[in-house]
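A.B. asks: Fold the following.
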Amino acid sequence: MTAETIIQSLASGLLMGLLYGLIAVGLALIFGLMDVVNFAHGEFLMIAMYATFFLFVFFAIDPLLAAPLVAAALFVFGAVVYLLIVRFAVRAKANAGMVQIFSTFGLAIVMRGLAQYFFTPDYRSVTHSWLGGKTVSVAGIFLPVPQLVGALVAIAAFGALYLFINRTDFGRALEATREDAGAVALVGIDKNKVFALGWGLGAALVGLSGAVMAIFFYIYPDVGASFALIAYVTVALGGFGSVFGAFAGGIIVGLVEATTALLLPPSLKAVGIYAVYLLVVFIRPRGLFGSM
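C.D. replies: Numbering: from 1, shown residues only. Predicted coordinates for the structure are as follows:
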């Protein structure tokens, strides 16, 4: 094992970690806003990847151009999911926590089943995209262009989210609702509107991730499950409800995954992720950046 091999692996892990972070940020945003875990988060990613694939197949729209369209579509989808399902689940008078869990978990099963029925379990991929199969060399380190662009998109999206939350009126309303959903009604803020837009925003972020990942990852009905599991671990690692923690946690997960793949067989690369997570849970149960 040479120094060049280690650097190459860590660079790849960093690029994937930034994408993991973007996926997890949407999950953390929703949890921080409502204390609801979206167990259909992976299926949102799967739908985004299929949408990107079909835009490419039927309209010849490259995934890079399709990304904002898919993000916009997922924004609408996320808001609709809140208005039609989650809004009623959180009003449950008994066992509200279990109702919330099973409502999104049930949604995940339905979405996956529909995908298997309509799209078949076959693996699909985007061929001949603008970025597919290309690499660039930086100081002797070869970086795949799709992952590199995906990492840049993740950084730009997180930066835009940070400015949106901290510099806009809606961002301030989002933070206020997050702090005390009951009190904001006294100043004329419609919490259901804020929750719907928050769900839409979280879904849009995962939609953006899915569009980029469709360039270099196979698309099939169960594709979201593995990434959702990583997203849950990432959010818990960074701290529940912390958007910055989720993004930073994604970077850590990517680097740990790459390091584990160097030391253990690639099939066991997830071992390092869960080992680090358990270590953090024992030392700091609220996560690295959590305040709970």
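
A.B. asks: going forward, measure contacts between C-alpha atoms and count neighbours the same way
C.D. replies: Fine.

A.B. asks: By neighbour count, which bits of the least confident helix or strand in the chain by mean pLDDT are buried? Give me those.
C.D. replies: Least confident helix or strand of the chain, by mean pLDDT, DSSP states H and E, is helix 169-179 with a mean of 80. Residues of helix 169-179 classed as buried by neighbour count (16 or more other C-alpha atoms under 10 Å): Phe170, Gly171, Ala173, Leu174, Glu175, Ala176, Thr177, Arg178.

A.B. asks: Equivalent analysis for stretch 246-254, please.
C.D. replies: Those would be Ala246, Phe247, Ala248, Gly249, Gly250, Ile251, Ile252, Val253, Gly254, for stretch 246-254 by 16+ other C-alpha under 10 Å.

A.B. asks: just to revisit the earlier point, can you tell me which two in the buried residues of helix 169-179 are farthest apart?
C.D. replies: Largest separation among the buried residues of helix 169-179 by C-alpha to C-alpha: Phe170 and Arg178, giving 12.0 Å.

A.B. asks: which stretches of this structure form helices?
C.D. replies: 3-34, 41-59, 63-81, 87-89, 96-119, 145-167, 169-179, 191-213, 223-238, 243-263, 269-283 (DSSP state H).

A.B. asks: If I average pLDDT within each of those helices, which one is lowest?
C.D. replies: Lowest mean pLDDT within the helices of the chain: helix 169-179, a mean of 80.

A.B. asks: Show me what that one is packed up against.
C.D. replies: helix 3-34, helix 145-167, helix 191-213 (3 or more C-alpha pairs under 8 Å, 6 or more residues apart in numbering; DSSP states H and E).

A.B. asks: quick revisit: mind putting the helices of the chain into CSV with distance to Gly133?
C.D. replies: Output for the helices of the chain, formatted as CSV (distance: least, C-alpha to C-alpha, whole Å):
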stretch, distance to Gly133
helix 3-34, 15
helix 41-59, 17
helix 63-81, 14
helix 87-89, 43
helix 96-119, 25
helix 145-167, 8
helix 169-179, 38
helix 191-213, 13
helix 223-238, 21
helix 243-263, 20
helix 269-283, 24
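
A.B. asks: Quick one, which of those helices gets closest to Ser125.
C.D. replies: Comparing the helices of the chain against Ser125 with C-alpha to C-alpha, the closest turns out to be helix 41-59 (7.1 Å).

A.B. asks: Neighbours of Gly133, how many?
C.D. replies: 13 (other C-alpha atoms under 10 Å).

A.B. asks: So what's the gap between stretch 279-292 and the chain middle?
C.D. replies: Relative to its chain's centre, stretch 279-292 lies at 20 Å (C-alpha atoms, centre = their mean, to the nearest Å).

A.B. asks: er, stretch 240-247 actually
C.D. replies: Worked out by C-alpha atoms, centre = their mean, stretch 240-247 lies 11 Å from the chain centre.

A.B. asks: Kindly report the same for stretch 8-24.
C.D. replies: That offset, for stretch 8-24, works out to 12 Å (C-alpha atoms, centre = their mean).

A.B. asks: hmm, back to that, run through who's touching the least confident helix or strand of the chain.
C.D. replies: Helix 169-179 is contacted from outside by Gly32, Leu33, Met34, Phe164, Ile165, Asn166, Ala183, Val184, Ile189, Lys191, Val194, Gly198, using C-alpha atoms under 8 Å, 6 or more residues apart in numbering.

A.B. asks: Quick check on these: which are buried?
C.D. replies: With neighbours counted by 16+ other C-alpha under 10 Å, the contacts of helix 169-179 contain buried members at Gly32, Leu33, Met34, Val184, Ile189, Lys191, Val194, Gly198.

A.B. asks: So which of those residues is the closest to Ala3?
C.D. replies: Gly32 (40.3 Å).

A.B. asks: Leaving out chain neighbours, which residue sits closest to that closest one?
C.D. replies: Once flanking residues are discounted, Gly32 sits nearest to Gly241: 3.7 Å by C-alpha to C-alpha, 6 or more residues apart in numbering.

A.B. asks: you'd agree the one you found is up against Leu33?
C.D. replies: Yes - using C-alpha atoms under 8 Å, Gly241 makes contact with Leu33 at a distance of 7.4 Å.

A.B. asks: May I see the contacts of helix 169-179 organised as a markdown table, with distance to Leu114 added?
C.D. replies: Output for the contacts of helix 169-179, formatted as a markdown table (distance: C-alpha to C-alpha, whole Å):
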| residue | distance to Leu114 |
| --- | --- |
| Gly32 | 29 |
| Leu33 | 29 |
| Met34 | 27 |
| Phe164 | 34 |
| Ile165 | 35 |
| Asn166 | 38 |
| Ala183 | 40 |
| Val184 | 38 |
| Ile189 | 37 |
| Lys191 | 32 |
| Val194 | 29 |
| Gly198 | 25 |
